[in-house]
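Trainee: sharing a sequence plus its predicted fold:
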Amino acid sequence: MADSKREIERKYEATDATRLPDLGRVAGVGSVAHEGVMELDAVYYDTEDLRLAAGNVTLRRRTGGSDAGWHLKLPVAEGVRDEIRAPLSDQVPDRLTALIRSRVLDAPVIPVVRLVSVRDVHVLTGDDGTPLAELSVDEVLAERLHGGDRTAAWTEIEAELADDGDPAFLDTVGRALEEAGIRPSAAHSKLARALAETGRAPEQGEAAEPRTAGDHVLAYVRRQAEAVVALDPAVRRGLPDSVHTMRVATRRLRSALRTYRRVLDREATRPLGTELKWLAGELGVDRDQEVLDARLSARLAELPRTLVIGPAEARLRIRSEVGRGQAHRRTTAALDSARYLDLLRALDALLA
């Protein structure tokens, strides 16, 4: 089994001489509880060429603390990630393996970095005792396990929003830290900093400015291909609107390949068009079920209550759950297929 949570956090630079401001004086804070110090030992996994890190995805096995286990973090927006967790085991859990397949394809994931963090934790709560955020000071030691042999050490401050908290509160905390001379971190994650300071890191620079018609077409095709890859985990997890959005990206890809035949290699794009049509069709099954469920529910809600006989809503809900389950299993089977992986490889080759 695996569970998930939305993680919203900010990171800040620190040194041994850094002192936290009085957090109890931050607007909205009623009290600050010192939760103590813990040691966290995490090994991060990736392919040899760091495909996960290149997409700002992290996969780790961590011991220590209250959430020991496997953690997969998927980017949502700047400073926002979905964290999917699974219990401790010797191998990467199958559920998490499936969620990274669109990025790693059939390449094995191996240990690349070990991070040992000594974490000093403070919990900020409101006047009514509601948790607002957790602020921790982390002393980090990074050891490269593959792709380098160096180590690195640093101290950082991490402010993580409590579940269902208001993101604006992190802005308030951030202003208090910056007024105390504490600056935001240049690295978006511990892993990114560890990779950069201990050996080879994936390239994260901006793409070159398109100059020719071919450059513009390839840039557009690349954006849609990246959307398909990034949306794959969301579709597998059954997140709202993910199937529709992935299907749109697939159809845009196919349209671009068909429209710009004079710019792109026809021998390479002709079979891709066929495979993209197949993928859009497979996604369409799930999407059609979504649309049908929404329409039936809306029509039922419009009827006068006197015309609704029996437990119509319950029956419709059961029918919807069965239909959605069947459609989702079919979609997942398509994403697990060799045909889908071949399509992703072909897109990589086209854009290489």
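Mentor: That came through fine.
Trainee: break the protein down into its structural domains.
Mentor: Using automatic domain parsing, the domain parsing of the chain gives 3-198, 213-351.
Trainee: I'd like those laid out as CSV, including mean pLDDT and mean neighbour count.
Mentor: C-beta here means a position set from N, CA and C on the backbone, and glycine is covered the same way. As requested, these are exported to CSV (pLDDT from 0 to 100; neighbours: other C-beta atoms under 10 Å):
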stretch, mean pLDDT, mean neighbour count
domain 3-198, 95, 16
domain 213-351, 87, 16
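Trainee: check the offset of the particular helix or strand that has Leu177 in it from the chain's centre.
Mentor: Counting by DSSP states H and E, the element that carries Leu177 is helix 168-179. Counting by C-alpha atoms, centre = their mean, to the nearest Å, helix 168-179 is centred 25 Å from the centre of its parent chain.
Trainee: residues in contact with it?
Mentor: 8-10, 12, 20-21, 23, 25-28, 124, 132-133, 135, 157, 159, 161, 184 (C-beta atoms under 8 Å, 6 or more residues apart in numbering).
Trainee: for the following helix or strand past that helix, packing partners?
Mentor: Next along the chain after helix 168-179, taking DSSP H and E as the criterion, comes helix 190-198. Counting contacts by 3 or more C-beta pairs under 8 Å, 6 or more residues apart in numbering; DSSP states H and E, helix 190-198 is packed against helix 51-54, strand 110-125, strand 131-144, strand 151-161.
Trainee: tell me which of these sits nearest to Thr269.
Mentor: helix 51-54 (23.7 Å; C-beta to C-beta).
Trainee: quick one, whatever helix or strand comes next after that closest one and helix 190-198 angle?
Mentor: Next along the chain after helix 51-54, taking DSSP H and E as the criterion, comes strand 58-63. Angle between the axes of strand 58-63 and helix 190-198 is 100 degrees (criterion: axes from the mean of the first three to the mean of the last three C-alpha atoms, to 10 degrees).
Trainee: run through who's touching the next helix or strand after strand 58-63.
Mentor: Next in sequence after strand 58-63, counting helices and strands by DSSP H and E, comes strand 69-77. Residues outside strand 69-77 that contact it (C-beta under 8 Å, 6+ apart): 6-7, 55-62, 81-89, 92-93, 96, 99-100, 189, 230, 233.
Trainee: can you give the strand pairings for strand 69-77, parallel or anti for each?
Mentor: strand 58-63 (antiparallel), strand 80-86 (antiparallel) (DSSP bridges).
Trainee: now the angle from the first one to strand 110-125?
Mentor: Orientation of strand 58-63 against strand 110-125 (the same axes, to 10 degrees) gives an angle of 70 degrees.
Trainee: any idea what the residue nearest to the spatial centre of the chain is bridged to?
Mentor: With distances taken as C-alpha atoms, centre = their mean, the residue of the chain nearest its centroid is Leu74 (1.3 Å). As for beta bridges, Leu74 partners with Asp82 under DSSP bridges.
Trainee: tell me how far it lies from Leu231.
Mentor: In this view, Leu74 and Leu231 are 11 Å apart by C-beta to C-beta, to the nearest Å.
Trainee: ok so, going back, how much does the helix holding Leu177 deviate in direction from strand 131-144?
Mentor: Angle, helix 168-179 to strand 131-144, by the same axes, to 10 degrees: 60 degrees.
Trainee: which residue of the protein lies farthest from its centroid?
Mentor: Here the centre of the chain is the reference, and by C-alpha atoms, centre = their mean the most remote residue is Thr306, at 46.6 Å.
Trainee: I figured Val210 hits Arg222, correct?
Mentor: Val isn't right for residue 210; it's Pro. No. Judged on C-beta atoms under 8 Å, Pro210 makes no contact with Arg222 at a distance of 10.4 Å.
Trainee: find me whatever residue is spatially closest to Leu292, sequence neighbours aside.
Mentor: Spatial nearest neighbour of Leu292, excluding adjacent residues (C-beta to C-beta, 6 or more residues apart in numbering): Gly323 at 7.5 Å.
Trainee: brain fart, Arg10
Mentor: In space, Arg10 is closest to Ala159, 4.9 Å off (C-beta to C-beta, 6+ apart).
Trainee: kindly report the same for Ala256.
Mentor: That would be Val221: by C-beta to C-beta, 6+ apart, it lies 5.4 Å from Ala256.
Trainee: identify the residues contacting the one you found.
Mentor: Val221 neighbours (C-beta under 8 Å, 6+ apart): Leu253, Ala256, Leu257, Leu264, Leu350, Leu351.
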